[in-house]
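Chemist: turn this into a structure:
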Amino acid sequence: MAHLYRGLDVEDADSAASVILKLRGETCDIDCLYCYEKRKEAPGGARIDASQVRRLTELFSGRPLAVELHGGEPLTAGRDHVAEVLRELASQPSVVRVSMQTNGMLLDEQWLDLFDALYPRLQIGISLDGDAAGNAWRVGYDGQPVYPRVANALRLLAGRGRKVGVIAAVTPTVLGRAEAVLDHLAGFEAVNAVSFVPCFDSSVQGPTAAQGQRLTESRILQRAALRGPQGPGWATTPDQYAEFVLAATVRWIGAGHFSRLKLEPSVSTIRRLRGLDTGFCHFSNLKCDHVFTLYPDGRLGSCDELPWPQAQLTLLDQPSGQKAVVAAQRRLPLLNQGKALMERCTTCTYQSTCGGGCVATRWRHDQAGDQDAYCDYRMRMIDGIAALLA
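Modeler: Just a heads-up that it's a prediction; the model follows:
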């Protein structure tokens, strides 16, 4: 199984661990209808501070760390607070890379000045589901679209000479339009990478919990989207996602976008078909054991996409070291269940290219009794991209 799922080894000090810092928990300034972050148990309001970052690097005893500032929306932590965290990260020699995933709503010249001054190598990722129509599910609490402001942020980034990656959710609003959606994203000068991610949410039945008596416009829209017989209105099937990715890959090659734009999951599939490795955990053996998530209340867990609180490993303020964290990983039932789901991969002829996929997604498909659909889409996607290369 090691070639499909390699556990974190305390003795292997050269292997970097990824740490997701949930600076504000699930707190966000917009209210996307499909947001999974707001569907899980996670503290909001509080902030991860510089002392927690320092403790985190001590916990991993000098192991290289790739840190991602995440949310919710990390910029809601405020300029002064983010500045303190960036200063601490810049002072830690074990931190080899820092990135930030943002919805772009708060980005302005002052934020970019701060990044340039404190961590000029900060890699920025923007969440944007293609063109205006594709972003129908990304709304403010008032139910109004956020696309125009995010598009403005991308133009601002281009004006500062910055390059960013875009994470785009594949929902029914983009199905059948892969070419137009990819062309649109490629049209932003700042964008040099696009990762299309699936919304496999057909099993979602309940709305996001609402605080208080009065529902916001966004939550009213969400409840209306849950009334369909096939699950939420934003959900796509594995087959639909595979078809979209293949159409986008054809366009990526045919339109010459490949010369300036990295496309996922296509690039990782191509690399594995050619016998090369990739840093994308869905195709690599460095899966959940190499990914950690820190929340403002000090909970340290495994990959952010795994359900809480089952993914919790320890508390940051508990006296422990890297050995204790690794031991907690090996005991965690959720991770062991994920590894067990990959047993079927050991006899699959696609294993050298597929790499076993995403443990969190496989876990959700297994809970829905639909593990085969996940494997079928991976095989279809690999076959399609192999045919394009041929």
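
Chemist: residues near the residue lying closest to M379 once chain neighbours are set aside, how many?
Modeler: In this structure, M379 finds its nearest non-sequential neighbour in Y350, 5.4 Å apart by C-beta to C-beta, 6 or more residues apart in numbering. The way it works is simple: take the backbone N, C-alpha and C, and place the C-beta from them, glycine included. Neighbour count for Y350, taken as other C-beta atoms under 10 Å: 15.

Chemist: surely Y350 and M381 touch.
Modeler: No. Y350 is not in contact with M381 according to C-beta atoms under 8 Å; the separation is 10.0 Å.

Chemist: hang on, the earlier thing: any figure for the gap between the residue nearest to M379 and L273?
Modeler: Noted for Y350: a distance of 10 Å to L273, by C-beta to C-beta, to the nearest Å.

Chemist: check A324 too.
Modeler: Distance from A324 to L273, by C-beta to C-beta: 39 Å.

Chemist: what segments of the stretch 101-250 of the chain are helices?
Modeler: If you assign secondary structure with DSSP state H, counting those that start in this stretch, the helices in the stretch 101-250 of the chain sit at 109-118, 147-159, 178-186, 217-225, 238-254.

Chemist: just the strands in the stretch 251-390 of the chain please.
Modeler: Counting by DSSP state E, counting those that start in this stretch, the stretch 251-390 of the chain has strands at residues 262-264, 291-294, 299-301, 312-315.

Chemist: elements contacting the helix or strand bottoming out on mean pLDDT in the chain?
Modeler: Least confident helix or strand of the chain, by mean pLDDT, DSSP states H and E, is helix 359-367 with a mean of 85. Under the contact criterion of 3 or more C-beta pairs under 8 Å, 6 or more residues apart in numbering; DSSP states H and E, helix 359-367 touches helix 333-341, helix 371-389.

Chemist: weakest of those helices by average pLDDT?
Modeler: Mean pLDDT across these is lowest at helix 333-341; the value there is a mean of 88.

Chemist: between it and helix 359-367, what angle do the directions make?
Modeler: Per axes from the mean of the first three to the mean of the last three C-alpha atoms, to 10 degrees, the angle that helix 333-341 makes with helix 359-367 is 80 degrees.

Chemist: ok, residues contacting helix 333-341?
Modeler: Identification of contacts with helix 333-341 by C-beta atoms under 8 Å, 6 or more residues apart in numbering yields 1, 5, 287-289, 302, 306-307, 310-311, 329-330, 359-360, 362-363, 366, 371.

Chemist: mind redoing it with 6 Å?
Modeler: Y5, C288, Q310, A311, Q329, V359, R362, W363, D366 (C-beta atoms under 6 Å, 6 or more residues apart in numbering).

Chemist: can you check stretch 233-249 too?
Modeler: For stretch 233-249, the surrounding residues in contact (C-beta under 6 Å, 6+ apart) are 34, 137, 170-171, 175, 178, 182, 198-199, 201-202, 225, 266, 373-374, 377, 380-381, 384-385.

Chemist: for that stretch, buried residues please.
Modeler: Using 16 or more other C-beta atoms under 10 Å as the test for burial, stretch 233-249 gives 233-238, 240-249.

Chemist: likewise stretch 191-205?
Modeler: In terms of neighbour count (16+ other C-beta under 10 Å), stretch 191-205 has its buried residues at V191, A193, V194, S195, F196, V197, P198, C199, F200, D201, S202, V204.

Chemist: run the chain-centre distance for that stretch.
Modeler: Put simply, stretch 191-205 sits 9 Å off its chain's centre (C-alpha atoms, centre = their mean, to the nearest Å).

Chemist: same question for that stretch, mean pLDDT?
Modeler: The pLDDT scores in stretch 191-205 average 92.

Chemist: what about this structure, any weak spots by pLDDT?
Modeler: Applying pLDDT under 70 to the chain flags the ranges 40-45, 212, 319.

Chemist: try it again at 50.
Modeler: Within the chain, no stretch has pLDDT under 50.

Chemist: count the residues that sit near E11.
Modeler: 5.

Chemist: where does it land in three-state SS?
Modeler: coil (DSSP: H, G, I helix; E, B strand; the rest coil).

Chemist: let me know the outermost residue of the protein.
Modeler: Q213 (31.8 Å; C-alpha atoms, centre = their mean).

Chemist: quick check: that one vs T76, distance?
Modeler: Distance from Q213 to T76, by C-beta to C-beta: 24 Å.

Chemist: packing partners for the helix or strand containing V19?
Modeler: According to DSSP states H and E, V19 maps onto strand 17-22. Secondary-structure packing of strand 17-22 (3 or more C-beta pairs under 6 Å, 6 or more residues apart in numbering; DSSP states H and E): strand 65-70, strand 291-294.

Chemist: and A50, how far from L221?
Modeler: 38 Å.

Chemist: next: C348.
Modeler: 40 Å.

Chemist: chain neighbours aside, what residue packs nearest to Q205?
Modeler: Nearest non-adjacent residue to Q205, counting by C-beta to C-beta, 6+ apart: L226, 6.9 Å away.
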